[in-house]
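Student: need coordinates for the below:
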Amino acid sequence: MTDRFAVPGTDAATPLRVAAPAIVLAKAEPVFASVTAATRGADAKAVHDMRVASRRLREALRLFESLYDPHAIDAAYRRVRGITRALGPVRDSDVFIETFSSLVPEVDKSGKRAIAFLIGYRSAVRDKEFERLRSKLARVDVRRDRRIFATTACAVRDTPEADQPLGVFAREALRDRVGVVKGAYAPALIEGAVGQQHALRIAVKRLRYALEVFAPCYTDGFDAAYGTLTEFQDTLGVLHDAHVFLGILRDEDLRARALAAGVSPAGFDHLAAIMRKRAHAAYVSFETLADQYSASDLEHVVLDPLD
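Tutor: I've put the predicted structure just below:
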């Protein structure tokens with residue numbers, strides 16, 4: 001069993017009735033533990049960490065949903081999804097601000113003025129987004145919610161499936177996730193296919209989170225599989241962000257506001273040119289990864305090392 005994402009007392013042979021609660025609770029704890037830091041708002045990393053933790057927990061709930069009462073697991077999922085959605089706008093603003101701040105050394109004077117305007121504008125937006133987030137997190141009673149979540153996680157239904165070893169369940173669940181990735185693979189291998197590349201990024205991300213859930217079932221091949229999926233997700237993430245930022249830079253209302261503030265269109269055009277280059281470079285990196293790992297290769301990378 002790999003040490004990464006290990007859950008004490010859980011391996012490939014552990015029955016689902018034991019493994020599922022242990023894994024769900026292990027994924028839930030980082031969400032509860034990050035509430036205080038995320039509520040402060042100044043720490044972008046805390047917001048990011050809580051958002052990722054909530055997504056990991058949602059994936060665990062999806063994977064094990066057949067073991068639970070549908071109403072109970074749906075209520076738990078919706079509660080966690082609400083937290084993810086509240087964190088999303090703040091995190092997106094943080095990424096926007098970080099990205100454009102990093103461009104300052106490589107732009108001309110008009111570009112610097114455009115960046116100053118964009119950061120100021122997005123910082124004001126973030127302040128409003130954070131107030132909504134803080135209001136949402138203020139309603140989280142960590143002690144109470146830990147207790148409720150523990151009760152839900154441990155209420156595995158008494159069915160034959162609950163006696164199935166985790167490793168057997170993991171293989172089928174991961175095969176399903178790999179199938180989604182394989183279906184999204186070829187359509188994404190066109191440089192302008194932005195929607196298809198986004199769909200593949202989501203599929204890869206969900207497969208990666210599933211890999212984390214089933215880490216106790218893996219042998220030494222886990223790190224290679226996880227590293228490969230991480231590389232795909234990161235590359236597709238850069239590509240996605242570049243296209244999102246290009247859309248923002250083309251927004252006519254925002255450009256009009258910038259012009260009224262003394263920012264020339266040339267500054268926006270300069271930043272857009274940089275984003276187009278970034279998008280192209282990310283696509284080339286993705287294409288290189290796809291040449292190295294076909295969809296069938298990914299299936300072997302993910303499934304072959306399972307115990």
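
Student: any idea how far residue 61 is from residue 228?
Tutor: 25 Å (Cβ to Cβ, to the nearest Å). Heads up, the C-betas are built off the backbone N, CA and C, glycines and all.

Student: compare the two (neighbour count), which wins?
Tutor: Between residue 228 and residue 61, residue 61 has the larger neighbour count (other Cβ atoms under 10 Å), namely 25 against 20.

Student: secondary structure element holding the more buried one?
Tutor: Using DSSP states H and E, residue 61 sits in helix 44-64.

Student: the host helix or strand of residue 240: which residues count as buried?
Tutor: Here residue 240 sits within helix 222-250, counting by DSSP H and E. Within helix 222-250, the residues scored as buried using 16 or more other Cβ atoms under 10 Å are 222, 225-226, 228-229, 231-233, 235-246, 248-249.

Student: kindly report the same for stretch 193-206.
Tutor: Using 16+ other Cβ under 10 Å as the test for burial, stretch 193-206 gives 194, 196, 197, 198, 199, 200, 201, 202, 203, 204, 205, 206.

Student: before we move on, back to that, the helix or strand just after the helix holding residue 61 - contacts with which helices or strands?
Tutor: Sequence order places helix 70-102 as the next helix or strand after helix 44-64, per DSSP H and E. Here helix 70-102 touches helix 44-64, helix 109-138, helix 142-154, helix 222-250, going by 3 or more Cβ pairs under 8 Å, 6 or more residues apart in numbering; DSSP states H and E.

Student: quick one, which of those helices gets closest to residue 162.
Tutor: The closest of these to residue 162 is helix 44-64. By Cβ to Cβ, the value is 10.2 Å.

Student: contacts for the closest one, please.
Tutor: Identification of contacts with helix 44-64 by Cβ atoms under 8 Å, 6 or more residues apart in numbering yields 16, 20, 23-24, 27-28, 30-31, 34-35, 37-38, 40-41, 73, 76-77, 80-81, 83-84, 87-88, 90-91, 94, 98, 133, 173, 205-206, 209-210, 212-213.

Student: over to stretch 261-276?
Tutor: 100, 103, 106-108, 110-115, 117-118, 242, 245-246, 249-250, 255, 258-259.

Student: at 7 Å what do you get?
Tutor: Here stretch 261-276 makes contact (Cβ atoms under 7 Å, 6 or more residues apart in numbering) with 103, 107-108, 110-111, 113-114, 117, 242, 245-246, 249, 255, 258-259.

Student: centre of the chain to the helix holding residue 61, how far?
Tutor: A distance of 8 Å separates the centroid of the chain from that of helix 44-64, by Cα atoms, centre = their mean, to the nearest Å.

Student: what do you get for stretch 67-76?
Tutor: With Cα atoms, centre = their mean, you get 23 Å for stretch 67-76.

Student: low pLDDT regions in the stretch 151-300 of the chain?
Tutor: Along the stretch 151-300 of the chain, segments meeting pLDDT under 70 are nowhere present.

Student: now do 90
Tutor: Filtered on pLDDT under 90, the stretch 151-300 of the chain yields the residue ranges 219-221.

Student: which residues in it form helices?
Tutor: In the stretch 151-300 of the chain, the segments counted as helices under DSSP state H, counting those that start in this stretch are 166-188, 194-213, 222-250, 252-260, 265-292, 295-303.

Student: same list (the ones you listed) but as TSV, adding distance to residue 129.
Tutor: Converted to TSV, the helices of the stretch 151-300 of the chain look like this (distance: least, Cβ to Cβ, whole Å):
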stretch	distance to residue 129
helix 166-188	30
helix 194-213	22
helix 222-250	15
helix 252-260	16
helix 265-292	22
helix 295-303	36
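
Student: okay, the residue nearest to residue 115 when sequence neighbours are not counted and residue 121: tell me how far apart.
Tutor: Take residue 115 and drop its neighbours on the chain: the residue closest to it by Cβ to Cβ, 6 or more residues apart in numbering is residue 100, 5.1 Å away. Distance from residue 100 to residue 121, counting by Cβ to Cβ: 10 Å.

Student: tell me which of these two has more neighbours.
Tutor: residue 100 (24 against 16).

Student: and stretch 6-16, what's buried?
Tutor: The neighbour-count check on stretch 6-16 (16+ other Cβ under 10 Å) flags 7, 10, 11, 12, 14, 16 as buried.

Student: now do the same contact list for the first one.
Tutor: Taking Cβ under 7 Å, 6+ apart as the definition of contact, the neighbours of residue 7 are 22, 23, 26, 216.

Student: farthest pair within these?
Tutor: 26 and 216 (9.9 Å).

Student: with that, I have no additional questions.
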